[in-house]
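S.K.: Provide a 3D model corresponding to the input given below.
(2 chains)
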Amino acid sequence: KAGVTQTPRYLIKTRGQQVTLSCSPISGHRSVSWYQQTPGQGLQFLFEYFSETQRNKGNFPGRFSGRQFSNSRSEMNVSTLELGDSALYLCASSSVEGNYGYTFGSGTRLTVV
Amino acid sequence: LAKTTQPISMDSYEGQEVNITCSHNNIATNDYITWYQQFPSQGPRFIIQGYKTKVTNEVASLFIPADRKSSTLSLPRVSLSDTAVYYCLVVPYSGAGSYQLTFGKGTKLSVIP
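M.R.: Numbers count the residues shown, from 1 in each chain, chains lettered A, B, ... in the order given. Model prediction:
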């Protein structure tokens, strides 16, 4: 079956702009989580959505937001981009039943200039 | 969340068995031990998960002693394609509830020809 699909794969934005990233989970998976990965901070949890509701949130400013649609697809938005937002943004989905292994997408590489 | 400690890096020759040990002294009764593998510019990939004793799949084995304060990921006969960062995580069991994956720095495994 198809894996987790993230679009776009690469993105270049200017400081102050906003950006929206998309994630399509594995079919049947209702939990979608987002992570930010940078060389300095490593992998950090942003938030998790389940059945269109945010269930858990990491320690990021309010400029980072997300949502989940009825088909479990998710988007995350970053407003007023800063240079430090340059990172690999990863989406992961899980069935949250039995096996607790998350399946990650290949990520979106965001560069803020 | 239980904190994990693992070596920053390891080197191994092709064809050897590699054992990566992770320490998690504060693991809770309902925590599972999970390992992920990550290649550059890709999302982490779930390798194996266990609660106690030994778990084996087609990729690796996971050894967990009775006190569960540590675990060892064993990769048999590594090849160059196993060069990656390996993360040990302690994941709380919460049924269908929400949880986040807390990644440490991981172990960078370099396989030498």
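S.K.: How many residues are close by residue 55?
M.R.: Going with chain A. 16 (other Cβ atoms under 10 Å in any protein chain shown). Backbone N, C-alpha and C define where each C-beta goes, glycine included.
S.K.: actually chain B
M.R.: With other Cβ under 10 Å as criterion, B:V55 counts 16.
S.K.: tell me the pLDDT at the closest residue to B:S9 other than its chain neighbours?
M.R.: Distances taken as Cβ to Cβ, 6 or more residues apart in numbering or on different chains place B:K108 nearest to B:S9, at 4.5 Å, with adjacent residues excluded. Looking at B:K108, its pLDDT stands at 97.
S.K.: again, but for A:V96
M.R.: Per-residue pLDDT puts A:V96 at 62.
S.K.: Pick out the residue closest to the middle of chain A.
M.R.: A:W34 (3.2 Å; Cα atoms, centre = their mean).
S.K.: and the residue nearest to that one when sequence neighbours are not counted, what helix or strand is that in?
M.R.: Leaving out its chain neighbours, the residue that sits closest to A:W34 by Cβ to Cβ, 6+ apart is A:L46, at 4.1 Å. With secondary structure defined by DSSP states H and E, A:L46 is part of strand A:42-50.
S.K.: residues in contact with that strand?
M.R.: Applying Cβ atoms under 8 Å, 6 or more residues apart in numbering or on different chains, the set of residues contacting strand A:42-50 from outside is A:30-38, A:54-60, A:64, A:66-68, A:74, A:76, A:89-90, A:96, B:44, B:87, B:98, B:100-106.
S.K.: Could I get the CA-only coordinates of that strand as PDB?
M.R.: Listed in PDB are the C-alpha atoms of strand A:42-50, where the atom choice follows Å, rounded to 0.1, in the frame of the first residue of the first chain:
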ATOM      1  CA  GLY A  42      17.300  17.100  16.100                       C
ATOM      2  CA  LEU A  43      13.800  15.700  15.700                       C
ATOM      3  CA  GLN A  44      11.200  17.700  17.600                       C
ATOM      4  CA  PHE A  45       7.500  17.000  18.000                       C
ATOM      5  CA  LEU A  46       5.200  19.700  16.700                       C
ATOM      6  CA  PHE A  47       1.700  18.300  17.100                       C
ATOM      7  CA  GLU A  48      -0.600  15.300  16.600                       C
ATOM      8  CA  TYR A  49      -4.000  15.100  15.000                       C
ATOM      9  CA  PHE A  50      -6.600  12.400  15.400                       C
END
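S.K.: Brilliant, that's me finished.
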